[in-house]
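Engineer: Any chance you can model this:
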Amino acid sequence: MIDFEILATVAILFAACMTRSSFGFGEALVAMPLLSMVIGVKDAAATVALTSIFNAIVILLTTKWHNIEWPAARYLLVGALLGIPLGVYVLVNVPESAVKLVLAALVISFAVFGLVRPSLARLDSNVAGLGFGFIAGVLGGAYNTIGPPMVIFGTLRQWPAQRFRITLQTVFFPTSLVVAGFHSANKLWTPLVIKSFLIALPFLVLAAVVGREINKRIEGARFSRCIFYLLLLIGVVLVGTVIRDAFAKSM
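Structural biologist: Numbers count the residues shown, from 1 in each chain. Predicted structure coming up:
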C-alpha cells in the first residue's frame with residue numbers, strides 16, 4: 001500500500017529542490033506551505049532543513065567559488081545566526097494555525113514583490129546585511145524561509161546572477177546546519193522526517209540535475225514569473241486551509 005504522506009512529501013521536495021537548483025533559492029518557499037498541509041508545520045520545517053543542507057552542498061560543489069561575495073556573506077551569516085534561536089522558539093511554542101498564517105503572508109508578499117519588482121534604492125554597503133540576515137534567521141528558524149530577506153538584499157546590492165546564486169549558498173549551508181541542530185535538540189526529527197528525507201534523497205539528486213539544466217537553457221525571467229505565480233497560489237491555498245480548519249473546529 002502506498003503511503004500518501006511519503007509520496008506527497010517526496011513529490012513536493014523534488015519540485016522544491018529543482019527550484020533551488022535552478023535559481024539558488026526558493027526551495028522552502030515552495031516546500032514549506034505545501035508540506036505543512038500534508039505533514040504539519042513542525043515536521044515540514046525539520047524535513048526542509050535537512051533537504052536544504054543537501055541542496056546547498058550540491059550547488060557549492062558544482063559552482064565556481066570565485067563569484068562569491070565573501071564580505072556580504074559574512075554579514076548575512078552573523079545576522080542569521082543571531083536570529084535563528086528566536087525563530088526556533090516561535091516554531092516550537094506558537095500555535096500551528098498562527099505559524100501557517102504568517103508563512104502564507106510571507107509567501108504571498110514575496111510572490112507579489114517578485115511579480116511587481118518595485119524600483120528599489122541601491123545599497124552600497126554590506127553592513128546592512130546584518131539586519132537582513134537577522135530577519136532571515138528568524139524566518140529560517142521558524143519557517144525555513146531564510147531566502148526572501150537575502151534575495152531582497154542581493155537585489156539591492158545589484159549582484160549579477162552567478163554571484164547571486166553562489167553567495168546565497170555560502171549562507172544557506174551553515175545556517176541550515178544550525179537550524180537542523182536546533183530542530184534535533186527540540187526533538188523535531190521524528191521518524192516521519194527521517195524516513196521522508198532518506199526516501200527523497202535519490203529524487204533530490206535527480207532534481208538537482210534537472211535544475212542545473214533548466215538554469216542553463218530556460219529564459220530566466222519567464223520561468224521565475226511562473227514560480228512567483230505558483231507561490232501566490234500556494235499562499236492563498238494555505239490561508240484557505242487555515243480558515244477551513246478553524247471552521248471545522250467551531251462546528
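Engineer: in this structure, which helix has the most residues?
Structural biologist: Counting residues, the longest helix found in the chain (DSSP state H) is helix 220-250.
Engineer: counting contacts, what elements does that one pack onto?
Structural biologist: helix 4-23, helix 27-38, helix 96-116 (3 or more C-beta pairs under 8 Å, 6 or more residues apart in numbering; DSSP states H and E). The C-beta positions use only the backbone N, C-alpha and C, and glycine is treated the same way.
Engineer: Skip the chain neighbours and tell me the closest residue to residue 123.
Structural biologist: For residue 123, ignoring the flanking residues on the chain, the nearest one in space by C-beta to C-beta, 6 or more residues apart in numbering is residue 156 at 4.1 Å.
Engineer: Same check on residue 122?
Structural biologist: residue 158 (5.9 Å).
Engineer: any idea how far the closest residue to residue 21 other than its chain neighbours lies from residue 205?
Structural biologist: Distances taken as C-beta to C-beta, 6+ apart put residue 211 closest to residue 21, at 2.4 Å, once the chain neighbours are dropped. Residue 211 is 11 Å from residue 205, where distance means C-beta to C-beta, to the nearest Å.
Engineer: Over to residue 64?
Structural biologist: 21 Å.
Engineer: neighbour-wise, which of those two wins?
Structural biologist: residue 205 (13 against 8; other C-beta atoms under 10 Å).
Engineer: Mind giving me the packing neighbours of the helix or strand that contains the more buried one?
Structural biologist: Residue 205 is part of helix 191-217, with elements assigned from DSSP states H and E. Under the contact criterion of 3+ C-beta pairs under 8 Å, 6+ apart, helix 191-217 touches helix 4-23, helix 41-61.
Engineer: swap the cut-off to 10 Å and go again
Structural biologist: helix 4-23, helix 27-38, helix 41-61, helix 161-185, helix 220-250 (3 or more C-beta pairs under 10 Å, 6 or more residues apart in numbering; DSSP states H and E).
Engineer: Buried deepest among those, which one?
Structural biologist: helix 27-38 (a mean of 26; mean count of other C-beta atoms under 10 Å).
Engineer: starting at the chain centroid, how far to it?
Structural biologist: Centre-to-centre, helix 27-38 and its host chain are 9 Å apart (C-alpha atoms, centre = their mean, to the nearest Å).
Engineer: as a whole number, average confidence for that helix?
Structural biologist: What helix 27-38 shows for mean pLDDT is 86.
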